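Undergrad: okay, here's the prediction I keep looking at, along with the sequence it came from:
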Amino acid sequence: MHYAKIAQKLRDQIVRFSGELSSGLPKVCRRFVMEMIYGIQARQSVRLTEVARSLGETISLKKTHERLCRQLGKLWLGIILTDTLLRMGSERIRESTLLVLDISDVSKKYAEKMEYMGRVRDGSEGTLAKGYWMLNVVGTEVGEARIIPLYSSLYSQEAPEFRSENRQIERAIEKVSQFTQRRGIWVLDRGGDRRELIDFLLNRELRFIIRARSERSLISEGEKIAILDLALSCPMIYMERIVKEDQGQERLLRLEFGSRRVHLPWRKESLFLVVVRGFGEEPMMLLTNLEIRRSRSSLWRVIESYLTRWRVEETIRFLKQSYKIEDIRLLTYTRLQNMMVLVTAVAYFATVYLGMKTKLRLLARHVLQAARRLFGIPDFRFYALADGIREFLFSLRTGPQSPTPLLKVAFEQKSLFDS
């Protein structure tokens, strides 16, 4: 396929995707969403000046920047786009889909005037820094490379409406569960075993796998016992070997695992404590309300589900690095929050939308080939997708155009997306 034709087809798909995403919004907002989805990918940047440059408008760059900034400041924009994105993504969530919830940081060491900036722990350097928290929910399946970016929110403990981190997590779970109709299995890291969060999940009959911390206690055979003591005395009746990549090096790990039926000290529901030895001195302890049969495959499924979240952490790095999120220069809290939703939509386009239909999968293959030719084969295929999309869009001299009247009718009837 000719290079220019691929670039044009890619631009057309962005126009169609943004049309579905912004359906029902005012005309000016629909144009804005289309331009942002295009510009973020064309420049691999969340800086509005870079997005403005990608549009190639005949007016001054300053005027384009001001228009984008004005639209980005609408209070309701992120709320509506989040709901639409969840509606699109929820169709791909099955009972077995893992819903991985992850909290990361957006560090802004040298920023001075960004609104409601708080203190965060810089994950890359392990130090405290100025910045914001970013909560993401990503859907995935055990043993599959497919990921589904579903939800993203930026928040700060310094914002007037902030109540607690627990409330931010609960709001995310509630919102996603509303659209998925409680399908899927929630996977949370250490810290997710707080009483308030476990009660929240159990009261809504949501399934979960949570890594427990060693200072917790559980009820086993009618006796309250420290969770670490339970783990150390748990019979390891199964064994599995896996290869773990660590800083480019592969290590063969021998894992032993077993389980115990337990209860929380303050509740009557029966849970399982799955114990894994082999990752370090202290065993890994997973608390779940999934029904586990006394079989190797049933136990390993829980362990594999939790290990899958490590791959999703790479997805979060993909979002931050590919689109230079920490280079964001917006000053108001609303614009920052709306930008995070738009970046999630961009990630959804790259990771889900391009693989929806046979023709689009072929287009995605061309995009990946462009990335391999220009950048070398990356470890993570979505880095390649982002790089390939940028390479094609960067070659275009003009930005996306509004859909023709015929396409607008197609958007309303959704025939383009059902074919």
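TA: Sure, I can see it.
Undergrad: from the chain's centre, how far out does the strand or helix carrying residue 102 sit?
TA: Per DSSP states H and E, residue 102 falls inside strand 98-107. Chain-centre distance of strand 98-107: 7 Å, with C-alpha atoms, centre = their mean, to the nearest Å.
Undergrad: can you tell me how far residue 183 is from residue 145?
TA: Distance of residue 183 to residue 145, given as C-beta to C-beta, to the nearest Å: 21 Å. Any C-beta I mention is one placed from the backbone N, CA and C, and that applies to glycine too.
Undergrad: between those two, which one's more packed in?
TA: It is residue 183, of residue 183 and residue 145, that has more neighbours when counted by other C-beta atoms under 10 Å, with 18 against 11.
Undergrad: from the contact counts, what lies against the strand holding residue 102?
TA: strand 118-122, strand 127-140, helix 165-180, strand 185-188, helix 296-322 (3 or more C-beta pairs under 8 Å, 6 or more residues apart in numbering; DSSP states H and E).
Undergrad: per-residue confidence averaged over the last one?
TA: Averaging the model's pLDDT scores along helix 296-322 yields 84.
Undergrad: same question for the first one.
TA: Mean pLDDT, taken over the full extent of strand 118-122, equals 91.
Undergrad: what sits up against that strand?
TA: The contact list for strand 118-122, computed with C-beta atoms under 8 Å, 6 or more residues apart in numbering, reads 105-107, 109, 127-133, 156-158.
Undergrad: mind checking which of these are buried?
TA: Among the contacts of strand 118-122, those classed as buried by 16 or more other C-beta atoms under 10 Å are 105-107, 129-133, 156.
Undergrad: Throw those residues into a markdown table and include pLDDT and distance to residue 169, thanks.
TA: Listed next are those as a markdown table, based on pLDDT from 0 to 100; distance: C-beta to C-beta, whole Å:
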| residue | pLDDT | distance to residue 169 |
| --- | --- | --- |
| 105 | 92 | 15 |
| 106 | 93 | 17 |
| 107 | 93 | 21 |
| 129 | 92 | 22 |
| 130 | 94 | 22 |
| 131 | 95 | 19 |
| 132 | 96 | 16 |
| 133 | 96 | 11 |
| 156 | 97 | 15 |
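Undergrad: and these, which is closest to residue 282?
TA: residue 105 (25.1 Å; C-beta to C-beta).
Undergrad: using PDB, write down the CA coordinates of the strand holding residue 102.
TA: In PDB, the C-alpha atoms belonging to strand 98-107 read as follows (Å, rounded to 0.1, in the frame of the first residue of the first chain):
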ATOM      1  CA  LEU A  98      -9.400  -8.600  34.300                       C
ATOM      2  CA  LEU A  99     -10.100  -5.000  35.400                       C
ATOM      3  CA  VAL A 100      -6.700  -3.800  36.500                       C
ATOM      4  CA  LEU A 101      -6.800  -0.700  38.700                       C
ATOM      5  CA  ASP A 102      -3.500   1.200  39.000                       C
ATOM      6  CA  ILE A 103      -2.500   4.500  40.600                       C
ATOM      7  CA  SER A 104       0.600   6.200  39.200                       C
ATOM      8  CA  ASP A 105       2.000   9.800  39.400                       C
ATOM      9  CA  VAL A 106       2.400  12.700  37.000                       C
ATOM     10  CA  SER A 107       5.500  14.400  38.400                       C
END
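Undergrad: show me the contacts for residue 311.
TA: Contacts for residue 311 (C-beta under 8 Å, 6+ apart) come out as 140, 147.
Undergrad: any idea how far it is from residue 298?
TA: 22 Å.
Undergrad: okay, angle between the strand holding residue 102 and strand 127-140 too, please.
TA: 150 degrees (axes from the mean of the first three to the mean of the last three C-alpha atoms, to 10 degrees).
Undergrad: for this protein, which residues score under the pLDDT cut-off?
TA: Along the chain, the model assigns pLDDT under 70 to residues 1-4, 245-248, 315, 318, 355-392, 394-399, 401-419.
Undergrad: residue boundaries of the strands in it?
TA: 98-107, 118-122, 127-140, 147-155, 185-188, 207-211, 217-220, 223-226, 238-246, 249-263, 270-277, 284-288 (DSSP state E).
Undergrad: tell me which of those strands sits nearest to residue 26.
TA: strand 147-155 (23.4 Å).
Undergrad: report the angle between that closest one and helix 165-180.
TA: Angle, strand 147-155 to helix 165-180, by the same axes, to 10 degrees: 140 degrees.
Undergrad: residue 180 touches residue 88, doesn't it?
TA: No. Counting by C-beta atoms under 8 Å, residue 88 is not a contact partner of residue 180; they are 12.0 Å apart.
Undergrad: of those two, which one has the most company?
TA: Ranked by neighbour count (other C-beta under 10 Å), residue 180 and residue 88 place residue 180 first, with 23 against 20.
Undergrad: dump the residue contacts of the more buried one.
TA: Applying C-beta under 8 Å, 6+ apart to residue 180 gives the contacts 90, 93, 99.
Undergrad: how about the contacts of strand 118-122 in a markdown table, adding distance to residue 29?
TA: Formatted as a markdown table, the contacts of strand 118-122 follow (distance: C-beta to C-beta, whole Å):
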| residue | distance to residue 29 |
| --- | --- |
| 105 | 30 |
| 106 | 25 |
| 107 | 31 |
| 109 | 33 |
| 127 | 39 |
| 128 | 38 |
| 129 | 34 |
| 130 | 31 |
| 131 | 28 |
| 132 | 24 |
| 133 | 27 |
| 156 | 25 |
| 157 | 30 |
| 158 | 29 |
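Undergrad: including distance to residue 165, could the strands of the chain go into TSV?
TA: Formatted as TSV, the strands of the chain follow (distance: least, C-beta to C-beta, whole Å):
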stretch	distance to residue 165
strand 98-107	8
strand 118-122	11
strand 127-140	8
strand 147-155	9
strand 185-188	12
strand 207-211	15
strand 217-220	23
strand 223-226	25
strand 238-246	29
strand 249-263	26
strand 270-277	23
strand 284-288	19
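Undergrad: quick one, which of these gets closest to residue 321.
TA: Comparison of the strands of the chain against residue 321 by C-beta to C-beta identifies strand 98-107 as nearest, at 11.7 Å.
Undergrad: and residue 181, how many residues sit next to it?
TA: Residues lying near residue 181 (other C-beta under 10 Å) number 9.
Undergrad: distance-wise, check the residue nearest to it when sequence neighbours are not counted relative to residue 176.
TA: Spatially, and ignoring its direct neighbours in sequence, residue 181 is nearest to residue 90 (7.7 Å; C-beta to C-beta, 6 or more residues apart in numbering). Distance, residue 90 to residue 176, using C-beta to C-beta: 8 Å.
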